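> Kindly return the folded structure for what I paste below:
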Amino acid sequence: MALIETRGLWKTYRMGGEDIHALRNISIRIESGEYVGIMGPSGSGKSTLMNLIGCLDTPSQGSYLLNGHQVRELDDDELARIRNEEIGFVFQTFNLLPRATALHNVELPLVYAGVPRGLRRSRALEALGRVELADRITHRPNELSGGQRQRVAIARALVNAPSILLADEPTGNLDSRTGKEIMALFKRLHEGGNTIVLITHEPEVAGYAHRVIHLRDGQVEQDVRQSKALPLIP
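Numbering: from 1, shown residues only. Sure, this is the predicted structure:
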């Protein structure tokens, strides 16, 4: 059973009296433990596909199975639980609470999941340790570098031990050196057993993945397994 499986997925928007097909008949399978890049130019449909995989939107046609569960059959509460516990999101803009410490930012998904305070703290500390920020737990976002803020965001995504780490242009707001450090971190997380789906328009970033799905005009143009991903620090 695939972790992610889409069957004949379409996403259509009505604009100016005509139908705009953001996705056209997308059928893909992603297994647990894979490291997959989804790339394509602006307007290719990659962000739309990310929103569907992340249960942030619903398809117009077709089906999406996550861990064997038909997503369209789930109610709002179950979808909210999946977004909080099964999918760890990492965004280009970090999306951290500016007045909260690194520790509190990482604890937030556990608050929503109803985890007791003591266990929240220990799990958040463990997640920050995994991204090498154990010495920055009391710092607020404006006291951290861009790379450190993204590490906090990654720790927050990891804290509920999700089935999927879903990263949308995670190096987009970082300089090239810091971007390579973040990609090195993703490589280590994958080697530790995490399933990673990475959305990007940059070939250099997609080069770290073991498999790359190329989208164009809302369709799968290529689905390529890469024999050799990029090293940690090119």
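> can you give me the strands for this structure?
Assigned by DSSP state E, the chain shows strands spanning 4-15, 18-30, 35-39, 61-66, 69-70, 87-91, 164-168, 196-200, 211-216, 219-225.
> Now do the fourth one and strand 18-30, the angle between them.
The one in question is strand 61-66. 30 degrees (axes from the mean of the first three to the mean of the last three CA atoms, to 10 degrees).
> Could you give me the buried positions within strand 61-66?
62, 64-66 (16 or more other CB atoms under 10 Å). Bear in mind the C-beta positions are built from the backbone N, C-alpha and C, glycine included.
> Among the residues you listed, which one sits closest to Gly218?
Distance to Gly218, by CB to CB, is smallest for Gly62 among the buried residues of strand 61-66, at 12.3 Å.
> how close does that closest one sit to Ser44?
18 Å (CB to CB, to the nearest Å).
> Report the beta-bridge partner residues of the residue most central in space within the chain.
Taking CA atoms, centre = their mean as the criterion, Leu166 is the residue nearest the geometric centre of the chain, at 1.2 Å. For Leu166, the beta-bridge partners under DSSP bridges are Phe89, Val197.
> Please give me every residue in contact with it.
50, 53-54, 87-90, 157, 197, 199 (CB atoms under 8 Å, 6 or more residues apart in numbering).
> what does Leu158 give?
Leu158 neighbours (CB under 8 Å, 6+ apart): 88, 127, 130-131, 165, 189, 194.
> how close does it get to Arg140?
Leu158 sits at a distance of 20 Å from Arg140 (criterion: CB to CB).
> now do Ile28
Taking CB to CB, one finds Ile28 at 39 Å from Arg140.
> Not counting residues beside it along the chain, what's closest to Pro170?
Val90 (5.0 Å; CB to CB, 6 or more residues apart in numbering).
> There's contact between the one you found and Ile164 in this structure, I believe.
No. Taking CB atoms under 8 Å as the definition, Val90 is not a contact partner of Ile164, at 10.9 Å.
> So which residues of the protein form helices?
Listed in chain order, the helices of the chain (DSSP state H) span 46-53, 76-81, 102-112, 117-130, 146-158, 176-191, 203-206.
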